[in-house]
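Colleague: Give me the fold of what follows.
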Amino acid sequence: MSSPSAAHHALFPGSFDPFTLGHLDLARRALAMFGRVTIAVAANPDKKALFDAQERVALARSATRGLSGIEVVQIDGLVVHACEALEADVIVRGVRSGTDFDFEVQMARCNRDMLSSVETVLLVPAPAHAHISSTLVRQIASMGGDASSFVPPAVADVLRARFPRSR
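Modeller: Predicted coordinates:
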């Protein structure tokens, strides 16, 4: 692969509730491709989140500390509006399955209709992370399981504190 283009700024949006090793994998790979990545933590008041937006931003920042070229911000509203405000020209999304792919293609087309200057790039997670989802991590942790093999260490610490294991 050629060196990253300084001309591209990728936005990696999501709820990141919580930030997983799959998210970290995609962020690192997007950074290698584009040179600059903004992880955009979406604040959606209609969604019941385990962590509030500020906690999710802090966890993503902790997980990406030391990765030069990655920034973490909170966004409200449409992703294309965040692209405009942050001057991002690429949206990065992960797809684990055909269902994810169908949904992401539909979103990419809508985003392109709203902001034609932005491209969407769909990345397939590494096999070691393909089965990880934030939903699964929340479920494991809330039922007293150990989710540490699916999340960065700081996230595992916060999950353990939020859901002490009872035995």
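Colleague: now the protein, which segments are flagged as low pLDDT?
Modeller: Applying pLDDT under 70 to the chain flags residues 1-7, 166-167.
Colleague: cutoff 80 now
Modeller: 1-7, 44-47, 165-167 (pLDDT under 80).
Colleague: Quick one: the strands in it, in order.
Modeller: 10-14, 37-42, 70-75, 90-94, 119-123 (DSSP state E).
Colleague: what comes up buried for the first one?
Modeller: Buried residues in strand 10-14, counted by 16 or more other Cβ atoms under 10 Å: Ala10, Leu11, Phe12, Pro13, Gly14. In this view, the C-beta of every residue, glycine as well, is placed from N, C-alpha and C.
Colleague: now the angle from it to strand 37-42?
Modeller: Calculated by axes from the mean of the first three to the mean of the last three Cα atoms, to 10 degrees, strand 10-14 forms an angle of 30 degrees with strand 37-42.
Colleague: Tell me the buried residues in stretch 56-65?
Modeller: Neighbour counts over stretch 56-65 (16+ other Cβ under 10 Å) mark Arg56, Val57, Ala58, Leu59, Ala60, Arg61, Ser62, Ala63, Thr64 as buried.
Colleague: what's the answer for stretch 119-137, then?
Modeller: Result for stretch 119-137 [16+ other Cβ under 10 Å]: buried residues Thr120, Val121, Leu123, Pro125, His129, Ile132, Ser133, Ser134, Val137.
Colleague: what about the third one, distance to Ala130?
Modeller: Right, the one you point to is Leu123. Going from Leu123 to Ala130 by Cβ to Cβ, to the nearest Å gives 11 Å.
Colleague: all helices of the protein, in order?
Modeller: Remark: helices assigned in the chain by DSSP state H are 21-34, 53-64, 79-86, 98-114, 134-142, 153-162.
Colleague: Report the angle between the second one and helix 134-142.
Modeller: For helix 53-64 and helix 134-142, the angle between their directions (the same axes, to 10 degrees) works out to 100 degrees.
Colleague: residues in contact with helix 53-64?
Modeller: 15-19, 23-24, 27, 39, 41-43, 49, 51, 70, 72-74, 152, 154-155, 158 (Cβ atoms under 8 Å, 6 or more residues apart in numbering).
Colleague: Buried among those? Need that as a selection in PyMOL.
Modeller: PyMOL command restricting those to the buried ones, with burial defined by 16+ other Cβ under 10 Å:
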select buried, resi 15+16+17+18+19+23+24+27+39+41+42+43+49+51+70+72+74+152+154+155+158
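Colleague: returning to that earlier point: with distance to Ser148 as added columns, please give the buried residues of stretch 119-137 in JSON lines.
Modeller: Formatted as JSON lines, the buried residues of stretch 119-137 follow (distance: Cβ to Cβ, whole Å):
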{"residue": "Thr120", "distance to Ser148": "32"}
{"residue": "Val121", "distance to Ser148": "30"}
{"residue": "Leu123", "distance to Ser148": "24"}
{"residue": "Pro125", "distance to Ser148": "18"}
{"residue": "His129", "distance to Ser148": "14"}
{"residue": "Ile132", "distance to Ser148": "12"}
{"residue": "Ser133", "distance to Ser148": "16"}
{"residue": "Ser134", "distance to Ser148": "15"}
{"residue": "Val137", "distance to Ser148": "10"}
